[in-house]
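Asker: No sequence on hand, only this structure:
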């Protein structure tokens, strides 16, 4: 599974922090990417490519994220070949590292 982490907030380093958390949890292919998905992103979300809902649900559970949904077009263009994309929202930005 190839997981990409996008920062949906103005908080510097948030995608790196969450990708490190994922790698420590056993997801060796968790990569932070530059690029900010559109929208307010008040809540973190895990999006998935076709056929990868179970992978996304597992990642979401590990990060304590409630929202899991199919990958959206603009997110897919930012994420490249990733099968699971974590968009870190303001809910995680407020959390203590």
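Answerer: Sure thing, it's come through. A quick note: this is a predicted structure, and the numbers were derived from the prediction, not measured.
Asker: all helices for the chain, in order.
Answerer: Here the chain has its helices, by DSSP state H, at 14-24, 53-63, 73-79, 90-93.
Asker: Next, format these as CSV and append mean pLDDT and mean neighbour count.
Answerer: Where you see a C-beta, it was placed from the backbone N, CA and C, and this is true even at glycine. Formatted as CSV, the helices of the chain follow (pLDDT from 0 to 100; neighbours: other C-beta atoms under 10 Å):
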stretch, mean pLDDT, mean neighbour count
helix 14-24, 96, 19
helix 53-63, 97, 17
helix 73-79, 93, 16
helix 90-93, 92, 19
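Asker: To residue 47, which of those lies closest?
Answerer: Nearest of the helices of the chain to residue 47, taken as C-beta to C-beta: helix 73-79 at 5.6 Å.
Asker: Point to the residue nearest the middle of the protein.
Answerer: residue 86 (0.9 Å; C-alpha atoms, centre = their mean).
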